[in-house]
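> Provided below for reference: sequence and predicted model.
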Amino acid sequence: MKQELVMLGRKKKGFSMKVFNERFMAGVLGFTALVGILSIFFILAFLIKEGYPIFTSVGGWTFQDFITGKTWYPIGTPPQFGALPMITGTLLLSLVSMAIAVPIGIGCALFIAVVLPPKLKDLIKSMVEILSGIPSVVWGFFGMRVVIYWVRSLGGVASGNSLLAGAILIAFMALPTIVSVSEDAISVVARDQWEASLALGATKWQTIKGVILPNAFSGIAAAVILGIGRALGETMAVIMVCGNSPVVPDEFSDIFNPILTITATLGIEMAEVPYGSDHFTVLYGLAILLFLIVLGTNIVAGSIIKHLKKKTSGDLRKDVDEQKEKRGWKYTVFLLAQFIFASVLSEASQVYAISGMVLLMSGAIITLLYSAATRGRSISGVVRIAVKGALAGLAGFVVAWLCDSVVLIWGLVSLCSFLALKGAWPRITRFWSRSSSRVVSIIQQHWRKAALFSSVFLLVAWASNVVFAMAAMAAIAGVWLLSRRVNPRVDQRIATAIITASAAVVLGMLVLVVAHILSRGLPHVSWEFLSQSPKDLNRAGGIFPAIVGSLYLVGGAILFALPIGVCAAIFLNEYAKESKLKDVIRAGIDNLNGTPSIIFGLFGFTCFVLFFGFGRSMLAGMLTLGLMILPTIIRTTEESLRAIPHSVREGSLALGATKWQTIQKVVVPTAVPGTLTGAILSIGRAIGETAPILFTAATFTQRFLPDSVFDPVMTLSNNLFILATEIPYGTNNAYATAVVLLFVVLVLYSTASIIRYLFKKHMSWSGK
Amino acid sequence: MEGKTQTAVVAVIVAAIAIFSGIGIGFVAFNKPAGPQIQTISISGSTTVLPIATAAAEEYMAGHPNLDIQISGGGSSTGVAQAGQNVSDIGMSSREVKSSELVTYPNLHIYRICADGIAIIVNNGTAGIPATLSLLQLRGIYNGSYTNWNQVGGSQSVTIAPMGRDTASGTRATFDELVMGTTPTYSVSVQQLASNGLVQANVISTTGAIGYVGLGYADPEIVTVMPVDSVLPSTTTVLDGTYKISRSLYLLTGGTASGIVLDFINYIVSPSGQAIVEAQHFVPIGPTSW
């Protein structure tokens, strides 16, 4: 490449069209990239600008009042801006949905990676992808028609609109992410390790347990965190089934009660507040909070994935010792996090403080006992540590019982965990150098199991009471220990059954949703329905304007986002030098990729509708959706550019082509399939989205098609949402709209996977 | 190989362009009369007023072939805000505009179009419900003092499932003011639903449920309409004030309404508009005009 520059330099004497072209194109690309990237950062700046007063004071509410206040009544006099109900609602919803999604997701990933024959893999994987394509408003509608009836039969509020109903829906919305990322993590565990383990006589299940899962752990963790990010940001399904009642839940049975999340609050209240009022600022503050929570989870997931990539490329065993050191800390931090979470939930309720303490200690003790039992060594050392831990735990228990101060309990917990898990080690090692260092290494190895135990404990403790939780713990430990005695083959059979069952649950849900919508909706889909304007509050007539409106919106969005996104990606990958700035830009793009769509809606409403004065219009909707899919397009394009080997570029340059010529003729054409797939998937996502267009572009009824970009439009997703939630007896047309929406999305997703399949087959750099 | 894949890509792109342009260009003339410019009126806000506006719009558009009236919901607060911000041509509100809103949007013009009672509806299949509820009993149900129907005069023990509206709702604001008192406190179990339709749907499907909705949504064939202080909501009782939980419905504009917008508002308060109001189970206030 240097040579080329030198050559360009030499020719510079006279005006050269070629040089001009080069510079011009680089300039154009750079400028477009700048526009794209700046607009992305502009959203962040905008959020912060509108919402930062919550960190100082809004309407007499300080930040502390804001995040600890239990009353949300923004229209009262004086208004109440306590956001704790929404914060706990959001966190709880993610927690419960993950409790449902994680086991099923890992099981399904194992099923795809290990149990399925390779031929069927692609089929099942694309089915899981289709599951991710079902729009959230369709999920919400399915929830209103089906899931709340399941929840009703379990108890809780009579209507079934509850945290649990939302959690079930969100679990299935997050499952595709969890399955595909875990599946990748499992598949990268080297084939030879798998074979080596089988060759040593281990059963498949033993190999999965002993070799695959430990090696894939961090990848699976990343998958779960990405799933949490998805759960945190969901809006429409939550509004439709969660009951939206701003209360702080204080016991486990509350999962049957209604909750309000941050996203739902934004979705319900944003359109009603005057620009610049206290209520407005507080809603933006909530958006910042949500953004920070999602940002945090994405950063953690990102760093794990980065670490994973490093790990799989390098030697697995290299840094094992180094990691062992860290594990003790990890466990401590993990427990602390659990505990803090529990305390936040309970707000200084004694029961949780105590369960936290007991959980911490029992986690440590069980780890020790368990490892001793499995290794059968240095019982005395183990007992000594266990006694120490138990004493510390007992002391903490008593103090926690007597007082009711969260701060004190936090202090105690950190102290105890520090003593029990970190401070004790060097001393133990000194006293019993060999045997006890083995114990330590066992603890270090088994911290995950301990963590798992304590998580289960936390859930159960929350569910009922400490005694019951202890019993549950004992039962689980018993089953765990017992299972070690079971014949490995029987064990394997049970495991395979569980794994297959979880895959069946995932695919079964896909079939159930699609079949339910089709069976109820298809009878109401007719030519008239597809080709006429709506009548009678959209309960009669057709949805033609909505079909066209949806296509206009995504068409405009892609017209806006595709050129900018592709240029930005080319500039980033081909021109920009690797630098800190570029890392920051990439991180920004990645994080916006995971930003909840309601935040884009918020931004679009304030910026395009109000500030630029576009009004509720197609233009505002197109720009909002365009910004939402821009990060995805930049990312997928960059990925396909990066996949092109350098030798291809060098070959072209060596033949005398200029840089721009190389990009134009060699690089871009090879990156087309990847970009195209990304673009189609983005369209699929955009067409199903409701939250970003709810306040920016959507109107409920419309007689004609819009004839300028300043007209609002009907859209399929909004039509379904309004028919399902605001119009009595609108169910038939809601089902029919859902059928059309599903059909459009499924067509787009299958097109994308067909393109990917074709190119995977035809293009491979290693083969000829 | 290269050729094949390239063809595939080109085919997909061409197909996509064809679909978009086909729909975009081919159907632009859909349903649209040739000739004079299309006029639009955008309306948003209260879901209580929504049925009136939609029904009136359908009738009105029949006489105005070049007019497109675009209606969306969102709640009264949304209607006030969007009319005040000129995001919508007309805002719908099912409560009085608050003085604080008039300060924020001094340009608001308010047009009273009809009256309405907030009906208390109870699930049809609930056994042994009382014959009437007082305002205080209602307040007790929503603030959590009463959780069982037998505490408010019911003959059987059935848990009460109270359904309410979200904070954007004018129905909620009116209910707060007329029933819940100056500092409304709500029980944990009150659900905050986004529309009259959702409240009605949840009351229909939930045993023991009670909810409050606009009169138009109180269909005695599918829900039990509960008398308040022994008075059933009706055109007469709302107009003479014997039914306690009643209010007026409004249309709002940012700045004085003029042209086709004013004409549409006048249509709703004209005799034929008021007939539509009555047909939608609201209480007409007699023909007027602005």
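Happy to help now that I have it. Residues are numbered from 1 along each chain as shown, chains lettered A, B, ... in the order given.
> Mind jotting down where the strands sit in the stretch 1-150 of chain B?
Ranges of strands in the stretch 1-150 of chain B, per DSSP state E, counting those that start in this stretch, are B:39-45, B:67-74, B:90-93, B:108-123.
> Of the ones you listed, which is nearest chain A?
Nearest of the strands of the stretch 1-150 of chain B to chain A, taken as Cβ to the nearest Cβ: strand B:67-74 at 4.0 Å. All C-beta atoms are positioned from the backbone trio N, CA, C, and that covers glycine.
> what's the neighbour count on the nearest residue to B:Thr167 once chain neighbours are set aside?
Nearest non-adjacent residue to B:Thr167, counting by Cβ to Cβ, 6 or more residues apart in numbering or on different chains: A:Ile75, 4.9 Å away. When counting by other Cβ atoms under 10 Å in any protein chain shown, one arrives at 21 neighbours for A:Ile75.
> can you give me phi and psi for A:Ile75?
For A:Ile75, the backbone dihedrals (degrees, to the nearest 10) come out as phi -100, psi 0.
> For A:Ala271, see how far away it is.
Going from A:Ile75 to A:Ala271 by Cβ to Cβ, to the nearest Å gives 14 Å.
> do A:Asp184 as well
Here the criterion is Cβ to Cβ. By it, A:Asp184 lies 40 Å from A:Ala271.
> If you count surrounding residues, which of those two has more?
Using other Cβ under 10 Å as the criterion, A:Asp184 and A:Ala271 rank with A:Ala271 on top: 27 against 18.
> Just say helix, strand or coil for the more buried one.
helix (DSSP: H, G, I helix; E, B strand; the rest coil).
> Equivalent analysis for A:Leu676, please.
With three-state DSSP as the criterion, A:Leu676 reads helix.
> Show the contacting residues for the nearest residue to A:Val147 once chain neighbours are set aside.
Among residues not flanking A:Val147 along the chain, A:Ala165 sits closest, at 5.0 Å (Cβ to Cβ, 6+ apart). Taking Cβ atoms under 8 Å, 6 or more residues apart in numbering or on different chains, we find A:Ala165 in contact with A:Gly143, A:Val147, A:Ile148, A:Trp150, A:Val151, A:Val241, A:Cys242.
> Next, format those as CSV and append pLDDT, distance to A:Thr203 and neighbour count.
CSV is the format used below for these (pLDDT from 0 to 100; distance: Cβ to Cβ, whole Å; neighbours: other Cβ atoms under 10 Å in any protein chain shown):
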residue, pLDDT, distance to A:Thr203, neighbour count
A:Gly143, 95, 40, 29
A:Val147, 93, 38, 23
A:Ile148, 88, 42, 27
A:Trp150, 89, 36, 13
A:Val151, 86, 39, 24
A:Val241, 91, 42, 30
A:Cys242, 89, 43, 31
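> In TSV, list these along with secondary structure and distance to A:Leu742.
Shown next, in TSV, are the contacts of A:Ala165 (DSSP: H, G, I helix; E, B strand; the rest coil; distance: Cβ to Cβ, whole Å):
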residue	secondary structure	distance to A:Leu742
A:Gly143	helix	15
A:Val147	helix	17
A:Ile148	helix	20
A:Trp150	helix	21
A:Val151	helix	23
A:Val241	helix	18
A:Cys242	coil	23
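> for these, which one is nearest A:Gly674?
Nearest to A:Gly674, judged by Cβ to Cβ, of these is A:Gly143 at 34.4 Å.
> then stretch A:617-631 to CSV, C-alphas only?
Only the C-alpha atoms of stretch A:617-631 are listed here, as CSV (Å, rounded to 0.1, in the frame of the first residue of the first chain):
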residue,chain,number,x,y,z
SER,A,617,-44.7,12.3,9.9
MET,A,618,-43.3,9.6,7.7
LEU,A,619,-40.1,11.5,7.5
ALA,A,620,-39.6,11.5,11.2
GLY,A,621,-40.4,7.8,11.3
MET,A,622,-38.0,7.0,8.5
LEU,A,623,-35.1,8.9,10.1
THR,A,624,-35.8,7.3,13.5
LEU,A,625,-35.9,3.8,12.0
GLY,A,626,-32.9,4.6,9.9
LEU,A,627,-30.9,5.6,12.9
MET,A,628,-32.0,2.5,14.7
ILE,A,629,-30.8,0.1,11.9
LEU,A,630,-27.7,2.2,11.1
PRO,A,631,-25.5,0.5,13.7
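> Now that stretch: average pLDDT?
Averaging pLDDT along stretch A:617-631 gives 93.
> any idea how far it is from the chain center?
21 Å (Cα atoms, centre = their mean, to the nearest Å).
> give me every residue that touches A:Ser197.
Contact analysis of A:Ser197 by Cβ under 8 Å, 6+ apart lists A:Gln206, A:Thr207, A:Gly210, A:Val211.
> and it, that one's in a strand?
No: counting by three-state DSSP, A:Ser197 is not found in a strand; it is helix.
> Tell me which two of the contacts of A:Ala165 sit farthest apart.
A:Trp150 and A:Cys242 (14.6 Å).
> what's the distance between the residue nearest in space to the middle of chain B and A:Val273?
What sits nearest the mean C-alpha location of chain B, by Cα atoms, centre = their mean, is B:Thr47, with 1.5 Å. In this view, B:Thr47 and A:Val273 are 18 Å apart by Cβ to Cβ.
> can you check A:Arg586 too?
Taking Cβ to Cβ, one finds A:Arg586 at 35 Å from A:Val273.
> Tell me which of these two has more neighbours.
A:Val273 (22 against 16).
> so who does the more buried one touch?
Counting by Cβ under 8 Å, 6+ apart, A:Val273 touches A:Pro74, A:His279, A:Phe280, A:Leu283, B:Ser77, B:Ala81.
> Pipe those residues into JSON lines and attach distance to B:Leu136, pLDDT and neighbour count per row.
Below are the contacts of A:Val273 laid out as JSON lines (distance: Cβ to Cβ, whole Å; pLDDT from 0 to 100; neighbours: other Cβ atoms under 10 Å in any protein chain shown):
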{"residue": "A:Pro74", "distance to B:Leu136": "27", "pLDDT": "82", "neighbour count": "23"}
{"residue": "A:His279", "distance to B:Leu136": "31", "pLDDT": "88", "neighbour count": "21"}
{"residue": "A:Phe280", "distance to B:Leu136": "36", "pLDDT": "89", "neighbour count": "21"}
{"residue": "A:Leu283", "distance to B:Leu136": "34", "pLDDT": "92", "neighbour count": "25"}
{"residue": "B:Ser77", "distance to B:Leu136": "27", "pLDDT": "86", "neighbour count": "30"}
{"residue": "B:Ala81", "distance to B:Leu136": "33", "pLDDT": "89", "neighbour count": "30"}
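> nearest to A:Pro176, of these?
Set against A:Pro176, the nearest of the contacts of A:Val273 by Cβ to Cβ is A:Leu283 (30.1 Å).
> The closest one contacts A:Ala271, doesn't it?
No: applying Cβ atoms under 8 Å, one finds A:Leu283 not in contact with A:Ala271, separated by 10.4 Å.
> What distance do you get for the nearest residue to A:Gly51 once chain neighbours are set aside to A:Trp61?
Nearest residue to A:Gly51, sequence neighbours excluded (Cβ to Cβ, 6+ apart): A:Tyr284, at 3.2 Å. According to Cβ to Cβ, A:Tyr284 stands 14 Å off from A:Trp61.
> Repeat that for A:Gln664.
The value you get for A:Gln664 to A:Trp61, if Cβ to Cβ is used, is 56 Å.
> Equivalent analysis for A:Ala569, please.
A:Ala569 sits 43 Å away from A:Trp61, going by Cβ to Cβ.
> Ok, B:Tyr186 next?
20 Å.
> which one of the two has more residues nearby?
Higher neighbour count among B:Tyr186 and A:Trp61: A:Trp61, with 23 against 19, using other Cβ under 10 Å.
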